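> sequence plus predicted model, see below.
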Amino acid sequence: MKKLIVLFSLLFIATNVKAQGEAAVPFLLLSPDSRAAGIGESGGGLADNSSAIFWNPAGIAFLTGSEVNLTHSKWLPQFQLDIFYDYLTYRQYMEELDGSLTASITYMNYGEFVRTSSASPDPIGKFRSFDAALTLGYATKLSNDWGLGLNFRLIHSRLSDKPTENEKGTGVATTVSFDIGAMWRPEKLSLPLIGDYDNSLSIGVNLSNLGPKIAYIDQAQADPIPTNFRLGMAFRLFEDEFNSLTYIVDFSKLLVDKGIAKTDAGLIGEDTTGTSKSVKRKDFYEAIFTAWADQPFSEELRDIVTTMGLEYWYGTPEDFMFALRAGYFYEDPSFGNRKFITIGAGIRYEMYGFDFSYISTSVFKDGENHPLADTLRFSLLIGWGAQPQKILGFPRGI
């Protein structure tokens, strides 16, 4: 029963399809906030609100003041399941620490399940399943142009409250992970023969979910968590007194040992005896290096997920602002085949903000049957006490 629960959870989270067989707790890869979701689920280079805890914690090093952000999404709406996703963040700039302290709670509810036995399909009980994570972090400037962010995360997964008849352990597991991010946002940037682009470019790198494997049964059957590399860029294309247009692009790759079995079928790690035997999966501190070269180079490139989007703002921070967003998410057909267009909008008034995003897959073949079709996310934020500053466009007062 437990194995069926794990399979169900991994399949219907609808993250990277390959990751479903490579890593546990894939809810850690879900785009958590509506703003980034509206620009194609990209934010590694933008990262200028408290949701940067997920995208790139180093982005918070350039922010002051305080902010609370809450996102809610009904997940996989077309299946009419009791699955929802909540994300709560908080950041607080502290001058005495020369940086910001951050915290977030991620909660993925899978709903209620009926328990059966191997002897009979008749129900013998019910239970609820969920995944959750608590993240604490710190971000600070190394210089005017460079930021550094660090996170510590406690992960708890409850897929089943009891073991199957023939296995030890339960469907409950706990582990920890770390994130490290860096951000370059030059105050002054002059490109020869092109022009000056002061406060217009941001490039960030984030290595997230570095940590030990998670074990539901025993350590011999433990699975790696989804360590992920993200490279992001944000570039202000246009700005005047009332208008701002920014282009955002991210490249991300899962850094997990695939655990490919040795076979006589010409697969990686061929066994000349013709027998098949499992391969011990590498720990995260090895996989972050070996995952870049555990398949042919062309395959490694296709394994990279590309996301991009445009964000347009109109208004002034002192009065009222609204945003329009559009984006595109692309995953190679051999490595998940997720392709969708996103749209979104947002408003900012004084210390309050509201964002929403929508995923459309109907423009692609069989898109109407895609599990992510018609997914909506809603975010509410409250920010106060920030010092106005130039960050990729308008001074951000909240």
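Arrived safely.
> now do the same for the residue lying closest to residue 32 once chain neighbours are set aside: helix, strand or coil?
In space, and not counting its chain neighbours, residue 32 is closest to residue 87: 4.0 Å by C-beta to C-beta, 6 or more residues apart in numbering. For the C-beta atoms, the positions are set from N, CA and C on the backbone; glycine is no exception. Counting by DSSP: H, G, I helix; E, B strand; the rest coil, the backbone at residue 87 sits in strand.
> report the contact partners of residue 87.
The neighbours of residue 87, taking C-beta atoms under 8 Å, 6 or more residues apart in numbering as the test, are 32, 33, 51, 54, 69, 70, 71, 104, 105, 106, 107.
> for the nearest residue to residue 190 once chain neighbours are set aside, give me phi and psi.
Leaving aside its chain neighbours, residue 190 sits nearest to residue 196 (5.0 Å; criterion: C-beta to C-beta, 6+ apart). Residue 196 has phi and psi values of phi -100, psi 140 when expressed as degrees, to the nearest 10.
> swap in the one 3 residues further on?
Residue 199 has phi and psi values of phi 50, psi 40 when expressed as degrees, to the nearest 10.
> do residue 141 as well
According to degrees, to the nearest 10, residue 141 has phi -80, psi 130.
> surely residue 301 is within a helix?
Yes: the assignment for residue 301 by three-state DSSP puts it in a helix.
> number of nearby residues for it?
Per other C-beta atoms under 10 Å, the neighbour tally for residue 301 reads 10.
> what pairs with the helix or strand harbouring residue 181, parallel or antiparallel?
According to DSSP states H and E, residue 181 maps onto strand 171-184. Counting by DSSP bridges, the strands paired with strand 171-184 are strand 146-160 (antiparallel), strand 201-210 (antiparallel).
> with pLDDT and distance to residue 381 as new columns, can the contacts of residue 87 be given to me in TSV?
Converted to TSV, the contacts of residue 87 look like this (pLDDT from 0 to 100; distance: C-beta to C-beta, whole Å):
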residue	pLDDT	distance to residue 381
32	91	13
33	92	9
51	95	9
54	97	14
69	96	4
70	96	8
71	95	9
104	98	13
105	97	15
106	96	16
107	95	18
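> which intervals of this protein have sub-threshold pLDDT?
Within the chain, the ranges that satisfy pLDDT under 70 run 1-21, 78-80, 116-120, 122-124, 162-169, 259-280, 362-372, 388-398.
> now the helices: where do they sit in it?
Taking DSSP state H as the test, the helices found in the chain are 2-13, 19-22, 34-38, 52-55, 284-290, 297-302.
> CA atoms only for the last one, dumped as CSV, please.
Coordinates of each C-alpha in helix 297-302 appear next as CSV, following Å, rounded to 0.1, in the frame of the first residue of the first chain:
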residue,chain,number,x,y,z
PHE,A,297,26.5,15.7,-23.4
SER,A,298,23.6,16.2,-25.7
GLU,A,299,21.3,14.6,-23.2
GLU,A,300,22.7,16.7,-20.4
LEU,A,301,21.7,19.9,-22.4
ARG,A,302,18.2,18.5,-23.0
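> any residues touching it, and which ones?
With C-beta under 8 Å, 6+ apart, helix 297-302 has contacts from 292, 293, 332, 334, 335.
> ok, the second one - contacts?
By C-beta under 8 Å, 6+ apart, residue 293 lies in contact with residue 300.
> can you tell me how far it is from residue 199?
For residue 293, the distance to residue 199 equals 38 Å [C-beta to C-beta, to the nearest Å].
> now residue 315
Using C-beta to C-beta, one obtains 19 Å as the distance from residue 315 to residue 199.
> before we move on, the earlier item: mind listing what's buried in the strand holding residue 181?
Within strand 171-184, the residues scored as buried using 16 or more other C-beta atoms under 10 Å are 171, 173, 175, 177, 178, 179, 180, 181, 182, 183, 184.
> so which of the residues you listed comes closest to residue 310?
Comparing the buried residues of strand 171-184 against residue 310 with C-beta to C-beta places residue 183 closest, at 20.6 Å.
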